[in-house]
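Okay, here's the prediction I keep looking at, along with the sequence it came from:
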Amino acid sequence: MTQDSFIPVIDLAPAREGDNALVGKQIHDAFVSSGFCYIKNHGISDECITELKKQALDFFHLPLSEKDRYRPKQAVRGFNALNRTIMYGADRPDYKEFYQIGPEFPPSSGQKPPQNELQGPNVWPEGRPAFRDAFLAYYKAVAECGQILLKAVANSLNLESNFFEKKYHYPLQRTQAIWYPPAEAAHEAESITYGVAPHTDYGCITLLWQDDTGGLEVQNLQNEWVSAVPIPGTLVINIGDLLCRWSNDRYRSNMHRVLNKSGKERFSIATFYDPDFGAVIDPRDLGLPETEASHYEPVTAGAYIMGRISESQKKKTL
């Protein structure tokens, strides 16, 4: 199986015009086989991406003592240093730094933000208004893309196009700017320095922009690692455990990893576009055939995601 057939490129333009049938069919085929696809014509401008990349790298290149001032205090927002996370089954933390934001509810909006472990005030570096502006601009643009994409996903599961909207009143959208410093460690099998160790994502859908460095790899049906090569003008899309559960295992939450062997830094922007904290994820909501029993008991999105996040941060240093 070639990389192109295993991780297909899907044109989102028809769905952006309200035609979800063709896109839904292609999404169905991709998520059944690999759980991954690329999308083009996603609607996020090059200028928006370039500005966030510039502002984020300026921040990541600061001394650690300066960046550490913005470590998360609540709601998993802010700067996360090297050795902050370790994936299940890994013997060492991920070799990456990332800065995470979530939804903001300014007083002028009249909205009362939900009170839970994943939603709260963002943390912003002092004296860097361009950093904040760039992050928020991308955050808004990728959310619009996520909304369109979910309508096509609903179509792919023979659901009403607004099915997911009912679960996304206050979505758990987390957007991360991720920096992978050059890794100098050897890459023998027993001593691999992972940017991100093999894992599945926690939530519903992930939308990833990656630079041209390469390093993202996806496990194919033969349990071999296939490179998700950077394709200009695209986002990499994959589903997580919650959508796998929701689909009653129709769709595949697939193992993937980042292995930066380039000898240079790598940068990406990952958005985890997930339902409300209290949204109930129940396969029976999808109208299972009478002959198909539910594989999972209902679970709330927030409880499941927080459980996975807590597990990944138990070991923070070597």
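It's in. Residues are numbered from 1 along each chain as shown.

Buried residues of stretch 28-45, list them for me.
By neighbour count with 16 or more other C-beta atoms under 10 Å, stretch 28-45 contains the buried residues 28, 30-31, 33-39, 42, 44. For the C-beta atoms, the positions are set from N, CA and C on the backbone; glycine is no exception.

got the residues you listed as a markdown table, with secondary structure and distance to Asn248 columns?
Formatted as a markdown table, the buried residues of stretch 28-45 follow (DSSP: H, G, I helix; E, B strand; the rest coil; distance: C-beta to C-beta, whole Å):
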| residue | secondary structure | distance to Asn248 |
| --- | --- | --- |
| His28 | helix | 14 |
| Ala30 | helix | 18 |
| Phe31 | helix | 13 |
| Ser33 | helix | 17 |
| Ser34 | coil | 18 |
| Gly35 | coil | 14 |
| Phe36 | strand | 19 |
| Cys37 | strand | 20 |
| Tyr38 | strand | 26 |
| Ile39 | strand | 24 |
| His42 | coil | 28 |
| Ile44 | coil | 31 |
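
for the residues you listed, which one is nearest Ile192?
Within the buried residues of stretch 28-45, proximity to Ile192 (C-beta to C-beta) peaks at Phe36, which comes in at 21.4 Å.

Going by residue numbers, what spans are strands in the stretch 1-150 of the chain?
For the stretch 1-150 of the chain, the strands defined by DSSP state E, counting those that start in this stretch occupy 9-11, 36-40, 78-80, 97-101.

Measure how far the last one is from the centre of its chain, please.
With C-alpha atoms, centre = their mean, to the nearest Å as the basis, the distance from the averaged C-alpha position of strand 97-101 to the chain average is 12 Å.

How about the first one?
Strand 9-11 has its C-alpha centroid displaced from the chain centroid by 18 Å (C-alpha atoms, centre = their mean).

list the buried ones in stretch 7-15?
So for stretch 7-15, counting by 16+ other C-beta under 10 Å, buried means 7-8, 10, 12, 14-15.

average pLDDT for that stretch?
On average, the pLDDT along stretch 7-15 is 97.

rewinding a little: so can I have CSV of the buried residues of stretch 28-45 showing distance to Arg252 and pLDDT?
As requested, these are exported to CSV (distance: C-beta to C-beta, whole Å; pLDDT from 0 to 100):
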residue, distance to Arg252, pLDDT
His28, 12, 96
Ala30, 9, 96
Phe31, 6, 96
Ser33, 7, 93
Ser34, 7, 94
Gly35, 4, 96
Phe36, 9, 97
Cys37, 12, 97
Tyr38, 16, 98
Ile39, 17, 98
His42, 22, 98
Ile44, 26, 98
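
do you know which of the strands of the stretch 1-150 of the chain lies nearest Ile148?
The nearest among those, by C-beta to C-beta, is strand 36-40 at 9.6 Å.
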